[in-house]
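Q: Predicted model and sequence below, questions to follow.
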Amino acid sequence: MNDFLLMALFFTGGILLSITYIYRQILRKKELSQYLNDSVGVSVEVPENINVNRLHAWFSRAGYPGWTEIHLSIALLLSGAAGFFIGYFVTGTLIGAVSFIGVGPFIFYSFLSRKIDTNELEMFSSMGDFCTRLGNSIVAGNTLEQAIISVAEKLDPPLRGPISEMARKIMQGNTSILDIIDETEAFIPVTPYKMFKISVRTHHRLGGDLAQTLFDIAAQVDESRKAIEEIRTHNHNAVTEGIVITLFPVAILLLERIFVPEYVSVLFTTQEGLRLFLLALGLIAGAWMLIKKFTQIKIL
């Protein structure tokens with residue numbers, strides 16, 4: 001009876017702590033999102049999908065543009081094996097180890113998602129430099145195509161990758177510049193790039209001073225830098241605190257496995273214990289996904 005009450009106390013405390021944390025982060029997220037939309041003009045809405053290989057675009061945004069389905073299969077296999085060994089170390093049983101197989105791929109996915117969020121913030125900031133260099137090249141007498149080719153390798157990563165690929169397609173000459181720019185949006189899903197795409201299409205249809213429009217976009221990005229830094233700090237804190245909250249039960253289980261193994265052995269040696277253990281893993285994974293969804297601000 002005392003063990004049951006103690007477990008209920010920890011469970012209730014964990015739920016209340018998670019709810020308090022998520023509510024606090026949601027309030028902060030709304031505050032910053034409202035500021036971005038109203039004062040800075042930055043969109044935090046997800047853009048429409050473009051007809052490209054989504055998996056390739058996802059890997060490219062994570063910083064692995066050369067990855068294919070084969071690389072994904074190998075990564076999932078290795079991360080699954082790592083999850084198995086971690087599970088065996090934590091539980092000391094084969095059944096418990098098998099239940100941890102999905103932990104490795106989940107951590108791998110979370111790692112790539114984190115890299116994507118970081119890279120998109122960097123791409124947002126780097127679009128100012130891209131537009132400035134592009135505008136200067138056009139003022140110097142180059143066409144848009146020539147300007148993109150000339151500035152592509154001068155950009156900082158991660159923006160350099162997709163822009164260099166854009167330049168490569170332009171040099172091949174098999175696709176129109178407008179189609180190339182549309183396709184590249186899947187790899188640079190940030191507001192300044194969408195503004196660049198609209199500006200190029202408007203100039204192509206109606207004419208006008210494209211260089212000045214690019215300079216205006218660069219100025220808008222510069223004005224947004226302070227807000228971007230605030231978002232970067234907010235997202236970092238949200239992820240860090242989320243990791244601590246979601247991994248806390250795992251740490252408790254590991255400590256009990258080391259110091260009082262007989263106390264937790266029921267989780268891995270009985271059918272009811274295994275069900276509760278798998279339920280706990282599902283709740284932990286679900287809590288992490290909810291924390292990430294409700295507390296992080298995705299800058300687009």
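A: Received the coordinates, thanks.

Q: Excluding covalently adjacent residues, which one is nearest to Glu69?
A: Excluding its sequence neighbours, the residue lying closest to Glu69 (CB to CB, 6 or more residues apart in numbering) is Leu55, at 6.8 Å. In this view, the C-beta of every residue, glycine as well, is placed from N, C-alpha and C.

Q: Is there a neighbour count for the one you found? I'd like the number.
A: Neighbour count for Leu55, taken as other CB atoms under 10 Å: 12.

Q: from the chain's centre, how far out does the host helix or strand of it sit?
A: For Leu55, the host element (DSSP states H and E) is helix 54-61. Put simply, helix 54-61 sits 11 Å off its chain's centre (CA atoms, centre = their mean, to the nearest Å).

Q: now swap in stretch 105-113 and tell me
A: 10 Å.

Q: In whichever strand or helix holds Gly80, which of the residues would be classed as buried?
A: According to DSSP H and E, Gly80 maps onto helix 69-91. Across helix 69-91, burial judged by 16 or more other CB atoms under 10 Å covers 72, 75, 79-80, 82-84, 86-88, 90-91.

Q: Let me have those in JSON lines, adding pLDDT and distance to Glu223 as columns.
A: Converted to JSON lines, the buried residues of helix 69-91 look like this (pLDDT from 0 to 100; distance: CB to CB, whole Å):
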{"residue": "Leu72", "pLDDT": "86", "distance to Glu223": "39"}
{"residue": "Ala75", "pLDDT": "89", "distance to Glu223": "39"}
{"residue": "Ser79", "pLDDT": "89", "distance to Glu223": "41"}
{"residue": "Gly80", "pLDDT": "88", "distance to Glu223": "46"}
{"residue": "Ala82", "pLDDT": "89", "distance to Glu223": "44"}
{"residue": "Gly83", "pLDDT": "85", "distance to Glu223": "45"}
{"residue": "Phe84", "pLDDT": "88", "distance to Glu223": "50"}
{"residue": "Ile86", "pLDDT": "81", "distance to Glu223": "46"}
{"residue": "Gly87", "pLDDT": "80", "distance to Glu223": "49"}
{"residue": "Tyr88", "pLDDT": "81", "distance to Glu223": "53"}
{"residue": "Val90", "pLDDT": "73", "distance to Glu223": "49"}
{"residue": "Thr91", "pLDDT": "73", "distance to Glu223": "53"}
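
Q: Out of the residues you listed, give me the two with the largest separation.
A: Distances among the buried residues of helix 69-91 were taken as CB to CB; the most separated pair is Leu72 and Thr91, at 27.7 Å.

Q: Run a quick neighbour tally on Val266.
A: Around Val266 there are 13 other residues, counting by other CB under 10 Å.

Q: Leaving out chain neighbours, which residue sits closest to it?
A: Val266 sits nearest to Gly273 (CB to CB, 6+ apart), 4.6 Å away.
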